[in-house]
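**Q** Show me the folded form of this:
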Amino acid sequence: MDSQWRKSTRSGSNGACVEARYTDNTVEVRDSKDTSGSILRFGGRTWSAFLTHLRR
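**A** Have a look, this model is predicted:
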C-alpha cells in the first residue's frame with residue numbers, strides 16, 4: 001500500500017466500504033462514501049495486530 005487511497009478487492013458494490021493508505025509510518029482509514037469525513041489513524045504495530053486478528 002502507498003499514499004494512494006485503496007479499497008479492498010473484496011469490497012462489494014453495496015457502497016459499505018472503507019479505504020486505507022500508508023502515510024509516514026501511519027495507516028489511515030476512512031469511509032469510502034464520505035471521503036471528506038473523519039479519518040482514523042493507526043500506528044504500524046496497531047494496524048498489524050488488527051490485521052492479524054482479522055485473519056484468525
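**Q** what's next to the strand or helix carrying Arg45, contact-wise?
**A** Per DSSP states H and E: Arg45 is located in helix 44-55. Applying C-beta atoms under 8 Å, 6 or more residues apart in numbering, the contact partners of helix 44-55 are 25-27, 42. From N, CA and C alone the C-beta is placed, and that goes for glycine too.
**Q** Okay, buried residues for that helix please.
**A** For helix 44-55, a neighbour-count test (16 or more other C-beta atoms under 10 Å) marks Trp47 as buried.
**Q** Stretch 30-48 too?
**A** 30-31, 47.
**Q** and Thr9, how many residues sit next to it?
**A** 5 (other C-beta atoms under 10 Å).
**Q** Local confidence estimate at Asp34?
**A** In this model, Asp34 is scored at 89, pLDDT.
**Q** which SS class is it?
**A** Asp34 falls in the coil class when you classify it by DSSP: H, G, I helix; E, B strand; the rest coil.
**Q** now Gly15
**A** coil.
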